[in-house]
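A.B. asks: Make a model of this:
(chains A and B)
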Amino acid sequence: MEKLGIQPILIIAQIVNFVILLLLLKKFLFKPILKVLDERKKKAEETEELNNEAGKKFLEATESEKNTISEAKKQADKIITQSKIQAQKEKEELLKKGQKELEIVRKKLESEIEADKKEMFKEIKRQSAEMAVLIAEKVMQESFDENKQKSLLNQAIKDLEKVSLH
Amino acid sequence: MKTEVVSTIKLDDKQRENVESELKRILGKDLNISYTEDKKILGGLIIKHEDKIINLSLKTKLKEMEKYLED
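C.D. replies: Model prediction:
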């Protein structure tokens, strides 16, 4: 080995130096760096976990929101349907009421028309009777001669025989 | 007591006799009968005695007919 120019003591010394350097590096460089890297890794993991958590919560919230909205929509639809039914019911009741009132008015009018008709017929009858009697009187005044008058007088005297004031 | 007999024409004696006889029967004996003519009664007789009226006129009969026709 000495013939090759290689000195064993130097090699050993370099090996020792290397080991010492390694040890020193390990203690003063590698360890802190590894520690830092570890810490970073941990933090990254924590952050990822937090993100996942947040994402989960967000999804849950969104889902919950969706459910709330869906529920609210269902309620609103229910209310609208009930309102429509109620409105229809009220409309029908109003219609019925209106028809009843119309019927009452119609009956009242019919009754009044009937009464007016009766009154009119009564008046026509009265006027006709009056006219008939007036005409009869006129005809009698103009056409009854003395013989007829005598005959009427005799009839009246006969009727007098039936009269009694008690 | 005054009694008035209304007719369209003058009563003859027979008719007067009959009327007076009947009036005595109906109203009593002491009657003071007067006779008047009124063509408005149309025919027959109307007898007025105090507040009583015996209406046997044609005009009255026509009024009764009028009432009957109205009903």
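A.B. asks: For my notes, confirm A:K162 occurs in a strand.
C.D. replies: No. If the criterion is DSSP: H, G, I helix; E, B strand; the rest coil, then A:K162 is coil and not within a strand.
A.B. asks: measure it to B:E50 for me?
C.D. replies: 21 Å (C-beta to C-beta, to the nearest Å). For every residue, glycine as well, the C-beta is placed using N, CA and C.
A.B. asks: Spell out the residue ranges of the helices in chain A.
C.D. replies: In chain A, the helices defined using DSSP state H lie at A:8-25, A:31-143, A:146-160.
A.B. asks: which one of those is the most hemmed in?
C.D. replies: helix A:146-160 (a mean of 17; mean count of other C-beta atoms under 10 Å in any protein chain shown).
A.B. asks: how about the residues of chain A that lie near chain B?
C.D. replies: Taking C-beta under 8 Å from any C-beta of the partner chain as the criterion, chain A approaches chain B at residues A:122, A:125-126, A:128-130, A:132-133, A:136-137, A:140-141, A:144, A:146, A:148-150, A:152-157, A:159-161, A:163-165.
A.B. asks: can we see that at 10 Å?
C.D. replies: Proximity of chain A to chain B, by C-beta under 10 Å from any C-beta of the partner chain, involves residues A:122-123, A:125-134, A:136-137, A:140-141, A:144, A:146, A:148-166.
A.B. asks: what's B:K14 in contact with, if anything?
C.D. replies: A:154, A:157 (C-beta atoms under 10 Å, 6 or more residues apart in numbering or on different chains).
A.B. asks: before we move on, which element is it in?
C.D. replies: helix B:13-27 (DSSP states H and E).
A.B. asks: Output that helix as PDB, nothing but the C-alphas.
C.D. replies: The C-alpha trace of helix B:13-27 is given here as PDB (Å, rounded to 0.1, in the frame of the first residue of the first chain):
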ATOM      1  CA  ASP B  13    -205.000  55.200  -8.200                       C
ATOM      2  CA  LYS B  14    -204.700  51.400  -7.900                       C
ATOM      3  CA  GLN B  15    -200.900  51.600  -7.500                       C
ATOM      4  CA  ARG B  16    -201.300  54.300  -4.800                       C
ATOM      5  CA  GLU B  17    -203.800  52.200  -3.000                       C
ATOM      6  CA  ASN B  18    -201.500  49.200  -3.000                       C
ATOM      7  CA  VAL B  19    -198.500  51.300  -1.900                       C
ATOM      8  CA  GLU B  20    -200.400  52.900   1.000                       C
ATOM      9  CA  SER B  21    -201.800  49.600   2.200                       C
ATOM     10  CA  GLU B  22    -198.300  48.100   2.300                       C
ATOM     11  CA  LEU B  23    -196.800  51.200   4.000                       C
ATOM     12  CA  LYS B  24    -199.500  51.100   6.700                       C
ATOM     13  CA  ARG B  25    -198.500  47.500   7.300                       C
ATOM     14  CA  ILE B  26    -194.800  48.200   7.400                       C
ATOM     15  CA  LEU B  27    -194.600  51.600   9.100                       C
END
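A.B. asks: Show me which residues of that helix are buried.
C.D. replies: B:15, B:18-19, B:22-23, B:26-27 (16 or more other C-beta atoms under 10 Å in any protein chain shown).
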